[in-house]
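Peer 1: 3D model of this:
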Amino acid sequence: MVVVRDWTRAWWNFQRSKYEIVSSDAVREELEQGDQTNQKAKIALLQETRTLPLVPGVWEIVAVYLAHKLMPREVTGDALHLA
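Peer 2: Sure thing, here's the model as predicted:
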């Protein structure tokens, strides 16, 4: 896991200027839950990103993922992130 973390940090520091980095309220909500390691630092990274709006079509996609058991049942979890 440390290798993956280090690779992600390297990318974030050196490649992000080539891309428009976006996120969603779903990511922010997930990061704000519980007591995670480096939680405040993780949330701070989102300050530098544009938040994409949740358009109605996203919820239709989430419903399909859940109906076909393609993603875990937790609506605010992986299905919403993927949609």
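Peer 1: domains of the chain?
Peer 2: When the chain is parsed with automatic domain parsing, its domains come out as 20-52, 53-83.
Peer 1: mind putting those into CSV with distance to Ala10 and mean neighbour count?
Peer 2: Every C-beta, even on glycine, is put in place using the N, C-alpha and C of the backbone. Compiled in CSV, the domains of the chain are given as follows (distance: least, C-beta to C-beta, whole Å; neighbours: other C-beta atoms under 10 Å):
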stretch, distance to Ala10, mean neighbour count
domain 20-52, 14, 12
domain 53-83, 23, 13
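Peer 1: mean pLDDT lowest where, among those domains?
Peer 2: Mean pLDDT is lowest for domain 53-83 out of these, coming in at a mean of 80.
Peer 1: re the thing from before, adding distance to Thr8, write the domains of the chain out as a markdown table.
Peer 2: Shown next, in a markdown table, are the domains of the chain (distance: least, C-beta to C-beta, whole Å):
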| stretch | distance to Thr8 |
| --- | --- |
| domain 20-52 | 11 |
| domain 53-83 | 16 |
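Peer 1: nearest to Asp6 among the ones you listed would be which one?
Peer 2: Checking those against Asp6 by C-beta to C-beta gives domain 20-52 as the closest, at 13.8 Å.
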